[in-house]
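Engineer: Fold the stuff below for me.
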Amino acid sequence: MAYFVRLADGGLDELTLVPFRSRQLSLRRATSTDAHWLLDTLNRECRPFGAQLTLAPMAVCAWPT
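Structural biologist: The predicted structure is shown next:
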């Protein structure tokens, strides 16, 4: 997973997560199915904190929505 963070005014402004799969000693972008599974899992775990991610183009998870 690659994390891209943008800070503004001393806090988190945007968080982008790019999921990868490790295959044959190399990293490959996660499939759409894998990205949806990750998104569902992260949203379930983040719900108590009031955060929700969305699935952006190219199977990227992003916050804020």
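Engineer: The protein: strands as residue ranges?
Structural biologist: For the chain, the strands defined by DSSP state E cover 2-8, 11-18, 20-23, 26-29, 54-56, 60-63.
Engineer: For W63, list each beta-bridge partner.
Structural biologist: L15 (DSSP bridges).
Engineer: Was I right to think M1 contacts R21?
Structural biologist: No. The criterion here is C-beta atoms under 8 Å, and M1 misses it with R21 at 10.2 Å. From N, CA and C alone the C-beta is placed, and that goes for glycine too.
Engineer: re earlier: tell me the most buried of the strands of the chain?
Structural biologist: strand 60-63 (a mean of 18; mean count of other C-beta atoms under 10 Å).
Engineer: So which other helices or strands are in contact with that one?
Structural biologist: Using 3 or more C-beta pairs under 8 Å, 6 or more residues apart in numbering; DSSP states H and E, the elements in contact with strand 60-63 are strand 11-18, helix 32-46, strand 54-56.
Engineer: Most distant residue from the centre of this structure?
Structural biologist: In the chain, the greatest distance from the average C-alpha position (C-alpha atoms, centre = their mean) is reached by Q24, at 23.1 Å.
Engineer: Point out where the protein drops to low pLDDT.
Structural biologist: Residues of the chain meeting the criterion pLDDT under 70: 59, 65.
Engineer: again, only using 80
Structural biologist: For the chain, the stretches with pLDDT under 80 are 58-61, 64-65.
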